[in-house]
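Asks: Fold the following, please.
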Amino acid sequence: MKVGAQLLMQNEFGKEHDFQTIQNDLRLVGMAEKLGFDSVWTVEHHFTGYSLSPNALLSLAYLAGQTTRVELGTQVVVLPWHQPARAAGEIALLDNLCGGRLILGIGRGLARNEFEGLGIPHGESRERFIESAEIVLDALETGTIKYDGKHYQQPERELRPAPVRSFKGRTYAAAVSPESVKIMARLGIGILVIPQKPWDAVDKDLVVYDQVYREVNGCAPPPTILGSQVFCDDNADRAQELAHKYIGDYFISVMKHYELLGDHLKGTQGYEYYAANREALVNRDLRKTADFYVGLQVWGTPEQCYEKVMAARARINCDHFCGNFRFIDMPMQVGERSMRLFAEKVLPELHKVPSLHDQSGSEEALRVSAVG
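Replies: As a prediction, this is how the structure comes out:
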């Protein structure tokens, strides 16, 4: 099983200069390759301290020059915020710079602040994502960029540089709503599971995804990738206390960034799922909701962290785990100690877990369902 570390660069409360946050997180994720991690990941967000990484590809280009072995993953490139031909070219360039180590994660975005700040109509996100994904994914496979759609009209051009290798089997998307998993299945890409809703709801989504993927693509989908907040400590009581503090506060920052308690998503096309769930969130105690979120993440002693990753693997058929070890206002030394302990005691045990299969469509893939 592969294991990665995420670069979030979060400075939500502005307790330090953004430069210091970036340097601290770069040092932390820079340890990943030496500690034995298999991948490093970063995100895309704009305009706030929720994350200081407005371009995942640019961040990874820097990390490509600092590493030689680890895979480099985007979590995610928000396609509606990019001109598709430029996105395809930048993805192909990064793949060449890192020698084919790129794992491409894509998504459509959610935060109103970011859409408005970039001048992209919020209600067009789903349509724009589908069209942009079709343009980018086709260009990466065929070497030709062309499209005639509602939002994008792309004259035929050659994609240069050509990617090092095919992106099939190494392209993933975050999908929270039931409709999104169907879209990802039709596009033929894997699912990046970031726990935030009850596992039985995730189970149902993956059943639908598995069925649609097989119908459209004629083979089993690739294993999922699991992304989670992580806090690892030798002391179980301290792990529980600090996990609820830091992961709970991180959840509050998520609620704030995405305005999940606001009513602006009501009537916004493509966000019906979020609007429908708003009432449940509004009527619940926010700290209890945060505690529920904390319960979905990976934290505890090394043994507990291992058990939680393995429980998720058995449930969602994941073959790659990505942990975020420093977030919100967690001191650098706390995040580093957690990451080092995880690397020392959990990582070697996860590496012993056999890969589900080498590529989508293999006999093993056909034998193992997306939900076990």
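
Asks: Please enumerate the helices of the stretch 51-200 of the chain.
Replies: Using DSSP state H, counting those that start in this stretch, the helices found in the stretch 51-200 of the chain span residues 56-66, 84-97, 112-118, 125-142, 178-187, 199-217.

Asks: Contacts only, for V216.
Replies: Contact analysis of V216 by Cβ atoms under 8 Å, 6 or more residues apart in numbering lists A185, R186, G188. Where you see a C-beta, it was placed from the backbone N, CA and C, and this is true even at glycine.

Asks: The second one is in contact with V212, isn't it?
Replies: Yes - using Cβ atoms under 8 Å as the test, R186 is close enough to V212 to be in contact (6.4 Å).

Asks: Any chance of the helices of the stretch 51-200 of the chain in JSON lines with mean pLDDT and distance to L72 as columns?
Replies: As requested, the helices of the stretch 51-200 of the chain are arranged in JSON lines below (pLDDT from 0 to 100; distance: least, Cβ to Cβ, whole Å):
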{"stretch": "helix 56-66", "mean pLDDT": "97", "distance to L72": "4"}
{"stretch": "helix 84-97", "mean pLDDT": "98", "distance to L72": "7"}
{"stretch": "helix 112-118", "mean pLDDT": "98", "distance to L72": "23"}
{"stretch": "helix 125-142", "mean pLDDT": "98", "distance to L72": "15"}
{"stretch": "helix 178-187", "mean pLDDT": "94", "distance to L72": "21"}
{"stretch": "helix 199-217", "mean pLDDT": "96", "distance to L72": "25"}
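
Asks: So which of these is nearest M332?
Replies: helix 56-66 (18.2 Å; Cβ to Cβ).

Asks: Could you check how far the closest one is from the centre of its chain?
Replies: 16 Å (Cα atoms, centre = their mean, to the nearest Å).

Asks: pLDDT of the longest helix along the chain, averaged?
Replies: Using DSSP state H to define each element, the chain has its longest helix at helix 236-258. Helix 236-258 shows a mean pLDDT of 97.

Asks: same thing with stretch 281-292?
Replies: When pLDDT is averaged over stretch 281-292, the result is 87.

Asks: Pull the residues that contact it.
Replies: H244, G248, D249, F251, I252, M255, L260, L261.

Asks: Check stretch 169-183 too.
Replies: Taking Cβ under 8 Å, 6+ apart as the rule, stretch 169-183 contacts 75-76, 102-108, 126, 129-130, 133, 137, 184, 187, 189-192, 194, 196-197, 204-206, 208-209, 212, 222, 225, 272-274, 359-360.

Asks: Please point out which parts of the longest helix of the chain sit buried.
Replies: By neighbour count on 16 or more other Cβ atoms under 10 Å, the buried set for helix 236-258 is 239-240, 242-244, 246-253, 255, 257-258.

Asks: returning to that earlier point: what about the contacts of V216, which one has the most neighbours?
Replies: The most crowded member of the contacts of V216, judged by other Cβ atoms under 10 Å, is A185 (25 neighbours).

Asks: How about the contacts made by that residue?
Replies: So A185 contacts V208, Y209, D210, V212, Y213, V216, N217, P221 (Cβ under 8 Å, 6+ apart).

Asks: Show me just the buried residues among these.
Replies: Y209, D210, V212, Y213, N217, P221.

Asks: quick one: which of those residues is nearest K266?
Replies: Nearest to K266 among the buried ones among the contacts of A185, counting by Cβ to Cβ, is Y209 at 26.5 Å.

Asks: distance of that closest one from S177?
Replies: Computed as Cβ to Cβ, to the nearest Å, the Y209 to S177 distance reads 12 Å.

Asks: Now name the helix or strand holding A314.
Replies: Take DSSP states H and E as the rule and A314 turns out to sit in helix 302-316.

Asks: on that earlier part again, tell me which of the contacts of stretch 281-292 is nearest to L159?
Replies: Scanning those for proximity to L159, where the rule is Cβ to Cβ, the winner is L260, at 37.4 Å.

Asks: Spatially central, which residue of the protein would that be?
Replies: Q75 (3.6 Å; Cα atoms, centre = their mean).

Asks: hang on, that one packs against H45?
Replies: No - in this structure, Q75 is not within contact of H45 by Cβ under 8 Å, at 10.8 Å.

Asks: Using PDB, list the CA coordinates for the strand of greatest length in the chain.
Replies: Ranked by residue count under DSSP state E, the longest strand found in the chain is strand 224-232. In PDB, the C-alpha atoms belonging to strand 224-232 read as follows (Å, rounded to 0.1, in the frame of the first residue of the first chain):
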ATOM      1  CA  THR A 224      -9.700   4.700  -4.500                       C
ATOM      2  CA  ILE A 225      -7.300   7.000  -2.800                       C
ATOM      3  CA  LEU A 226      -8.000   8.000   0.800                       C
ATOM      4  CA  GLY A 227      -7.100  11.500   2.100                       C
ATOM      5  CA  SER A 228      -7.400  12.300   5.800                       C
ATOM      6  CA  GLN A 229      -6.200  14.600   8.600                       C
ATOM      7  CA  VAL A 230      -3.700  12.700  10.800                       C
ATOM      8  CA  PHE A 231      -2.600  13.000  14.300                       C
ATOM      9  CA  CYS A 232      -0.300  10.300  15.700                       C
END
